[in-house]
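Enquirer: predicted model follows, preceded by the sequence.
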Amino acid sequence: MTRPSWASDVGATAAVAAFSLAVAAGYARVFSGWDFLRDMIVVIVVGHGAGLLLRRRAISSWIAVPLGAVAVVWTIAALFYPDTFAWGLPTSATWDLFQAELTGVREQFSTAVAPVVYGAGWDVLAAIGIGLAVLLADVFAFRAMARAETLVPGGVLFVFVGAVGDDRLRITLTIVLVGVGVATTAVLRAYHQPSAQRSTSSVRLRRTWPAVIATALIVAIAAGFVGPRLPGADAAPLYETRGRGGGVTEVVSPLVDIRSRLTNRSDNELFRVRADFESYWRSSALPDFDGTTWRLPERPLQSADSTLAAPRTGAVELRQQIEIVGLGGSLVPAAPDPFQATGPDDLRWVAETSTLVTVDDELETGDLIDVVSASPRFEPAALSAATSVDAGDPIYTSLPDDLPDVVADTAAEVTAGTTTAYDAARTLQNWFQTEFDYSLDVQSGHGNNAIETFLRDRIGYCEQFAGTFAAMMRTLGHPSRVAVGFTSGTEVMQGTYSVLGRNAHAWPEVWFDGLGWVAFEPTPGRGAPGAENYTGLAAQQDTTTSEDAGDTGDDAGVPPTTIARTPDDGPVDLNIPDEFADPTGGDPTTDTTATADRSDTRGRWALVVLLLGAVVAAPPLVRRLRDRSSRHSPERQLARLWSHSLTSLAEAGVPVAASRTPLEIAAATADHFPIVARPVSLLADAVTTATYRPEGAAGYEDVGTYGSSTMRNCRNWAKQIERAVHDSASLPDRVRRYFTDWG
């Protein structure tokens, strides 16, 4: 087969690249914003461009495909790891960084909930996905001579991304993909015509491109309108692909899958607190860090009927009554540090982790728990004078052997020059507050790879801030832990605070000998009430509503918990499930009026689209119906063909006066429009013969030796005349003829 021209090859490559771009746009369902699109465009251009150049150089597939893959791999490495290159080539450092990020993504993948931040390995994974789709599409389209099959790799990637992504632009992106796919298939079909037919096919494609685009638009819009309305389109998935975690034996921390809770429960009221003054409401403190998770260790329970602990010296007594609204689980939030509590009969206390729990039943709406806390008040001078060495258990200073060196190195660098534990904690807190950005568009995680990524990208939310702060303090030799709970909430009446899902939060606590656990606040935009004196931060929290914040939520959360009891009320293991259904079992409140308005708007647009589609489809449909109705009589068929041809010839400037015979019109056509002289002459001969034969057009439909008939030949000649006239017309005339020629 003759090699395609440069123009034809470039056009076909551009069509396939356009489909790859439509696939890449689908990443909008897993990333916030559109920052990803620039990098994806670079990968697409390099992948398809390399394929085009290698084809034009007539390089064998055995060499061209690996070279194309190398070009894509080099491009991805250059985009995301340019600092690790040497002499323009990736190094072992490139591979090490890639492996570290890929490990982080693998650890987060089962619990990740879209949207994720475009970075921290997710960006590289996205580029690899689109790179594979580009390479396979290019091989299918131009090496395997495929047409619609070319769309399969990108289509599979698009579906997978949709399965793990959210609903952002779901219908719009699908419409774009379907429309571009239809157009790409049409271009490839013309591109792969045999060499003898390629020129004719190219002319045909140029002539019909408006119809191709119109068809692609109609199909895409119809798919976008019909698909979401098919039975079962809004049903729950047979298999949930987003935000899945392990079983209760794997997920052992209240910090797991926080992002899922934030997204789904932002404005649900969890509990109310009637208190003397506001505070952070702590649910538990997590001391056990294995490099992957901060967790609750196995510790004995004690009854909550007696005094829980001795009140701190210098603390302020804080009485509070917690009324459960929709919290669920087993952890009871209370102001630090509880020393008295009354509530359900199964209420227990874990002294070492400051945890109030119910062991028989989960918290239910209406439960009341009365707590008296010794709200700590610290003076900077006392903290500066105190040491921070021994919290009574090595669990508070232990670190995993494989903790990345960057954690200790960064902690030492940031706190260089400090002389006390308090100075180190305050310096580290201020560094996080000023040098890092707060964002919910990152994945939950506080293990080794998550910490390393967080320190590099300097963006995260309270889970990363609290976990990284605590780990860094431990590298300095100071006991620390991560507290989980809630910010104070909104004061709905004097002394009553309404705490929502968006108020869920995590913060670090550092041990000071002789003083106890002291809370710090590294998360930007947050400040604990009562701690202003020593943290230097005003009390503050997220007070936006779902309308203000796009229904995203505030901070890290404390999911419902279950208690796995051991015999005789011995040590317990708090296993935290990874599901975050609304414990009230209720459906979220919706605005039915707004929903109805949106439905009406969609219905009106759908009607407009259907009407436009009907207008576009009407002319060819009517022509087809009229053609079929005239086939009952050969004479009628022949008369219709000749009449329609005369109309077309007249538009091309051929004199077709009624006084002229068919043969005279054929002669005039040879003078005025010679490109169709032959089909007009043949059709005129057939019309003249049928006019003067005694039997008329009888026998014109009989199939001859070569499988054709006179009538079929006449139809082909008429089509040739119509096609030539159409090609010679200007674009406005073509559009006019399409909608006015009903014959």
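Expert: That came through fine. Residues are numbered from 1 along each chain as shown.
Enquirer: can you list the weak-confidence ranges in the stretch 101-250 of the chain?
Expert: Confidence mapping of the stretch 101-250 of the chain against pLDDT under 70 gives the ranges 107-114, 117, 120, 194-250.
Enquirer: any chance you could map the helices in it?
Expert: Remark: helices assigned in the stretch 101-250 of the chain by DSSP state H, counting those that start in this stretch are 122-142, 152-164, 170-191, 195-226.
Enquirer: and the stretch 601-743 of the chain, by the same measure?
Expert: Using DSSP H, counting those that start in this stretch, helices in the stretch 601-743 of the chain cover 634-651, 662-672, 677-692, 710-728, 731-740.
Enquirer: tell me who's in contact with the residue nearest to T410 when sequence neighbours are not counted.
Expert: Residue nearest to T410 in three dimensions, not counting chain neighbours: L455, with 5.8 Å by Cβ to Cβ, 6 or more residues apart in numbering. Glycine gets a C-beta too; all of them are placed from N, C-alpha and C. Applying Cβ atoms under 8 Å, 6 or more residues apart in numbering to L455 gives the contacts V406, V407, T410, T468.
Enquirer: again, but for M145
Expert: Counted by Cβ under 8 Å, 6+ apart, M145 has contacts H192.
Enquirer: and it, how far from A12?
Expert: Look at M145 and A12: by Cβ to Cβ, to the nearest Å, they are 11 Å apart.
Enquirer: pretty sure R737 contacts A729?
Expert: Yes: using Cβ atoms under 8 Å, R737 is in contact with A729, at 6.7 Å.
Enquirer: joint contacts of the two?
Expert: Shared contacts of R737 and A729, counting by Cβ under 8 Å, 6+ apart, come down to E651.
Enquirer: ok, for R29, nearest residue in space, not its chain neighbours?
Expert: G165 (3.0 Å).
Enquirer: residues near that neighbour, how many?
Expert: Applying other Cβ atoms under 10 Å, we find 23 residues neighbouring G165.
Enquirer: now do T172
Expert: T172, neighbours per other Cβ under 10 Å, totals 12.
Enquirer: quick one: it and H48, what's the gap?
Expert: 24 Å.
Enquirer: what of I175?
Expert: Distance of I175 to H48, given as Cβ to Cβ: 23 Å.
Enquirer: check contacts around R377.
Expert: G314, A315, V316, G530, N533.
Enquirer: with Y396 instead?
Expert: P287, R474, P479, S480, R481, W511.
Enquirer: ok, it to L308 distance?
Expert: In terms of Cβ to Cβ, Y396 sits 20 Å off from L308.
Enquirer: which residues are in contact with the helix or strand containing S284?
Expert: Applying DSSP states H and E as the criterion places S284 in strand 281-286. Outside strand 281-286, the residues that touch it by Cβ under 8 Å, 6+ apart are 253-255, 273, 294-296, 322, 331-336, 350, 353-355, 481-489, 499, 509, 517, 558, 574.
Enquirer: of these, which belong to helices?
Expert: With DSSP state H as the criterion, helices contain none of these.
Enquirer: count the residues that sit near A58.
Expert: Residues lying near A58 (other Cβ under 10 Å) number 8.
Enquirer: before we move on, what about L79?
Expert: L79 - counted by other Cβ under 10 Å - has 17 other residues nearby.
Enquirer: mind listing what it touches?
Expert: By Cβ under 8 Å, 6+ apart, the residues touching L79 are D39, V42, V43, A127.
Enquirer: out of those, which end up buried?
Expert: If you count burial by 16 or more other Cβ atoms under 10 Å, the buried members of the contacts of L79 come out as D39, V43, A127.
Enquirer: pretty sure the last one contacts A77?
Expert: Right, A127. No: with contacts counted by Cβ under 8 Å, A127 stays clear of A77, the gap being 9.6 Å.
Enquirer: pLDDT wise, what is L537 at?
Expert: pLDDT recorded at L537 is 90.
Enquirer: residues in contact with it?
Expert: So L537 contacts Q433, E521, R526, G527, A528, A531 (Cβ under 8 Å, 6+ apart).
Enquirer: looking at the residues you listed, which is nearest F160?
Expert: Checking those against F160 with Cβ to Cβ, the nearest one is R526 at 36.5 Å.
Enquirer: for that closest one, give me the pLDDT.
Expert: Looking at R526, the pLDDT reads 90.
Enquirer: same thing with A334?
Expert: Looking at A334, its pLDDT is 91.
Enquirer: number of nearby residues for the closest residue in space to D733 that isn't next to it in sequence?
Expert: Closest residue to D733 apart from its sequence neighbours, by Cβ to Cβ, 6+ apart: E651 at 7.6 Å. Counted with other Cβ under 10 Å, residues neighbouring E651 total 17.
Enquirer: and for the one 5 residues further on?
Expert: Here the number of neighbours of V656 (other Cβ under 10 Å) works out to 20.
Enquirer: same deal with T365?
Expert: Count around T365 with other Cβ under 10 Å applied: 14.
Enquirer: how much space separates it from V499?
Expert: 14 Å.
Enquirer: swap in F80?
Expert: For F80, the distance to V499 - Cβ to Cβ - is 41 Å.
Enquirer: and H48, by the same measure?
Expert: To V499, H48 is 53 Å away according to Cβ to Cβ.
Enquirer: how close does the residue nearest to R29 get to F36?
Expert: On the measure of Cβ to Cβ, G165 and F36 end up 12 Å apart.
Enquirer: what about I395, which SS state?
Expert: Three-state call for I395 (DSSP: H, G, I helix; E, B strand; the rest coil): helix.
Enquirer: and the nearest residue in space to it that is not next to it in sequence, what is it in contact with?
Expert: Closest residue to I395 apart from its sequence neighbours, by Cβ to Cβ, 6+ apart: P287 at 5.0 Å. Neighbour list for P287: W294, P297, E352, T353, D393, I395, Y396, R481 [criterion: Cβ under 8 Å, 6+ apart].
Enquirer: compare those residues and tell me which is most surrounded.
Expert: Taking other Cβ under 10 Å as the neighbour criterion, W294 ranks highest of those with 28 neighbours.
Enquirer: pairing partners for that one in the sheet, please.
Expert: Beta-bridge pairing for W294 (DSSP bridges): F289.
Enquirer: flag the shaky bits of the stretch 351-500 of the chain, pLDDT-wise.
Expert: Within the stretch 351-500 of the chain, the ranges that satisfy pLDDT under 70 run 440-450.
Enquirer: please enumerate the helices of it.
Expert: Under DSSP H, counting those that start in this stretch, the stretch 351-500 of the chain gives helices at 380-385, 405-414, 421-435, 448-457, 462-475.
Enquirer: export those helices to CSV and tack on distance to V359?
Expert: Below are the helices of the stretch 351-500 of the chain laid out as CSV (distance: least, Cβ to Cβ, whole Å):
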stretch, distance to V359
helix 380-385, 36
helix 405-414, 36
helix 421-435, 34
helix 448-457, 31
helix 462-475, 26
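Enquirer: which one of those lies closest to T661?
Expert: For those, proximity to T661 was assessed by Cβ to Cβ; helix 448-457 is nearest, at 84.2 Å.
Enquirer: re the thing from before, let's have the contacts of L79 in JSON lines, adding distance to R29 and secondary structure.
Expert: Below are the contacts of L79 laid out as JSON lines (distance: Cβ to Cβ, whole Å; DSSP: H, G, I helix; E, B strand; the rest coil):
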{"residue": "D39", "distance to R29": "17", "secondary structure": "helix"}
{"residue": "V42", "distance to R29": "21", "secondary structure": "helix"}
{"residue": "V43", "distance to R29": "18", "secondary structure": "helix"}
{"residue": "A127", "distance to R29": "16", "secondary structure": "helix"}
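Enquirer: pick the one among those closest to D423.
Expert: Closest to D423, out of all of these and judged by Cβ to Cβ, is D39, at 42.1 Å.
Enquirer: name the nearest of the contacts of Y396 relative to A58.
Expert: Using Cβ to Cβ, those come closest to A58 at R474, 62.6 Å.
Enquirer: how many other residues sit next to that closest one?
Expert: Using other Cβ under 10 Å, R474 has 22 neighbouring residues.
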